[in-house]
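S.K.: Let me see the structure of the following:
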Amino acid sequence: MTQLLRGAVYRYFINLDERGCFYADVRNSRGRSIFEIKGFEIFEDGWMQHRSDLAGLKRYLVHLGLMTREQHLAMGNQA
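M.R.: As a prediction, the model looks like this:
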């Protein structure tokens, strides 16, 4: 089991956002993907309100146990 580092910074990358297709991922400080978003389910379920909703994404990642509230989530790109 991977230990969650206090204060770690995770980055959210939007890799594809066009014509009804959406793909993004969250990467740890080593650049490894820890979570992928394929499609629109996370939006339809109400976790994220729009593609750049970092607060909603962080709530979901905390809910899943992939992050703690103390850790930071930032945009990795401005797609």
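
S.K.: name the element G56 belongs to?
M.R.: Per DSSP states H and E: G56 is located in helix 54-64.

S.K.: if we look at that helix, which residues are touching it?
M.R.: Identification of contacts with helix 54-64 by C-beta atoms under 8 Å, 6 or more residues apart in numbering yields 10, 12, 26, 35, 42, 47-49, 67-69, 73-75. (C-beta placed from N, C-alpha, C; glycine too.)

S.K.: What angle do helix 54-64 and the strand or helix carrying D17 make with each other?
M.R.: D17 belongs to strand 9-18 when assigned by DSSP H and E. Orientation check (axes from the mean of the first three to the mean of the last three C-alpha atoms, to 10 degrees): strand 9-18 against helix 54-64 gives 110 degrees.

S.K.: residues touching the nearest residue to M75 once chain neighbours are set aside, list them.
M.R.: Nearest residue to M75 in three dimensions, chain neighbours excluded: Y12, at 5.7 Å (C-beta to C-beta, 6 or more residues apart in numbering). Residues in contact with Y12 (C-beta under 8 Å, 6+ apart) are 24-26, 54, 57, 73-76.
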